[in-house]
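Asker: Quick one, what's the 3D model for this:
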Amino acid sequence: MELRTLKSFVEVVRQGGFSKAAKVVFATQSTVSKAVKQLEDELGLPLLDRLRHKSRLTAAGEIVYRRAIRLLAERDDLQAELEELRGLKRGVLRLGLPPIGSSTLFAPLFALYRQRFPEIEIRLSEHGSDRLNELLAAGEIDFAGLLPPIADEFASQVVRREPLMVLIAAGHPLAVRDVVSLNDLRETPFILFETGFALNRVIRDACRRNGFEPIVAARSTQIDFIAELAGAGLGVAFLPQLIAAQRTQVPIHLALLDEPETDWTMAMAWRRGAYLSPAAAAWLRLLREKGGAR
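Answerer: Residues are numbered from 1 along each chain as shown. Alright, predicted model coming up:
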């Protein structure tokens, strides 16, 4: 079983097809197809259920995919360590960040990091928490900004804790309140982020603890658009206090969400026990120097 064959299989799953995977691994579609077939023949089990133009993982495929991304991550760790032995002087820091709060929390840290290590390249990937978990587990990024709960396979450093604020249109009856609970909002539509954002789970779990499912009026990935929709009266939105306070351009009322277990906690996570390059280790030292729970 060759790592190149595993890489082709993994990319077919990630990219959703053979043609897109071929572009990623710089091969022809037929080469990728043969690599997957070779892997299936070697293992004696089908890995993909091919339906028309789509392919779906079989039970065996799910096991091989899960193991393959770990093997490929270990290969990357090996290559990184060998590059250090060869005297690599320029490094790369690969960070995965969520759209919520990243600029506010991390821009000052980026500036300080660049000041200290001007030759290190910073590569940023911006995604929701579900995708960041996948990228981190696969070793495609060194760190991911995640909200708890964080998987046991990752170690983490808390960067910041903030209470959640409710964004309420100025004309709403609750706009006179400085503090509201989720029970106060049972009949009010919610404006949430798209599926895959951890903040959605925090809100939905809290609603379920209170015995109801929220009415969802709209979803978006854009903080400013969500604030605008809330200000226009489409529904209420939820943002960490630090980020909500910056939405001054929107005529909107901010009220503290009085609900346990809904604090927004941003943590920087990395693969437990994985090799950290000097560039990554320097970032972790900076986080511990300047970060910590607030």
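
Asker: Tell me, please, where in this structure the pLDDT is lower than the cut-off.
Answerer: Filtered on pLDDT under 70, the chain yields the residue ranges 52-53, 83-90, 248-249, 291-294.

Asker: Show me where it has its strands.
Answerer: Per DSSP state E, the chain carries strands over the ranges 48-51, 54-57, 92-97, 121-126, 143-146, 154-162, 164-169, 179-180, 190-193, 216-220, 236-240, 252-257, 264-271.

Asker: wait, which of those is closest to Val13?
Answerer: Nearest of those to Val13, taken as CB to CB: strand 54-57 at 6.4 Å. Backbone N, C-alpha and C define where each C-beta goes, glycine included.

Asker: Sheet partners, orientation included, of the closest one?
Answerer: strand 48-51 (antiparallel) (DSSP bridges).

Asker: Flag every buried residue along the strand it pairs with.
Answerer: Leu48 (16 or more other CB atoms under 10 Å).

Asker: ditto for stretch 104-117
Answerer: Thr104, Leu105, Phe106, Leu109, Phe110, Tyr113, Phe117.

Asker: How far off centre is stretch 147-165?
Answerer: How far stretch 147-165 lies from its chain's middle: 12 Å, per CA atoms, centre = their mean, to the nearest Å.

Asker: ok, now stretch 128-139?
Answerer: 6 Å.

Asker: What lies in contact with it?
Answerer: Residues from elsewhere that reach stretch 128-139, judged by CB atoms under 8 Å, 6 or more residues apart in numbering: 10, 69-70, 72-74, 76-77, 96-99, 125, 127, 141, 143-147, 151, 153-154, 193-198, 221, 269-271, 274.

Asker: ok, which stretches of the stretch 51-200 of the chain are helices?
Answerer: 59-85, 102-116, 129-137, 198-209 (DSSP state H, counting those that start in this stretch).

Asker: possible to save the ones you listed as JSON lines with distance to Leu254?
Answerer: Listed next are the helices of the stretch 51-200 of the chain as JSON lines, based on distance: least, CB to CB, whole Å:
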{"stretch": "helix 59-85", "distance to Leu254": "41"}
{"stretch": "helix 102-116", "distance to Leu254": "16"}
{"stretch": "helix 129-137", "distance to Leu254": "24"}
{"stretch": "helix 198-209", "distance to Leu254": "16"}
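
Asker: okay, these, which one's buried deepest?
Answerer: helix 129-137 (a mean of 19; mean count of other CB atoms under 10 Å).

Asker: quick one: which of the strands of the chain is nearest Trp283?
Answerer: For those, the distance to Trp283 is smallest for strand 92-97, at 5.5 Å, taking CB to CB.

Asker: then the closest one to CSV, C-alphas only?
Answerer: Extracted C-alpha coordinates of strand 92-97, given in CSV (Å, rounded to 0.1, in the frame of the first residue of the first chain):
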residue,chain,number,x,y,z
VAL,A,92,5.4,28.3,7.2
LEU,A,93,2.7,28.7,9.8
ARG,A,94,-0.6,27.2,8.7
LEU,A,95,-3.6,28.5,10.7
GLY,A,96,-7.3,27.7,10.3
LEU,A,97,-9.6,30.3,11.7
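
Asker: any idea how far Gly91 lies from Tyr65?
Answerer: 30 Å (CB to CB, to the nearest Å).

Asker: can you check Pro98 too?
Answerer: Counting by CB to CB, the gap from Pro98 to Tyr65 is 24 Å.

Asker: closest to Ala237 out of the helices of the stretch 51-200 of the chain?
Answerer: If we rank the helices of the stretch 51-200 of the chain by CB to CB, the stretch that ends up nearest is helix 198-209, at 9.8 Å.

Asker: Give me the angle between that closest one and strand 236-240.
Answerer: Following axes from the mean of the first three to the mean of the last three CA atoms, to 10 degrees, one obtains 120 degrees for the angle between helix 198-209 and strand 236-240.

Asker: Leu287 contacts Met268, correct?
Answerer: Yes. With contact defined as CB atoms under 8 Å, Leu287 counts as touching Met268 (5.6 Å).

Asker: How about the contacts made by Ala217?
Answerer: Neighbour list for Ala217: Pro189, Phe190, Ile191, Leu229, Leu234, Gly235 [criterion: CB under 8 Å, 6+ apart].
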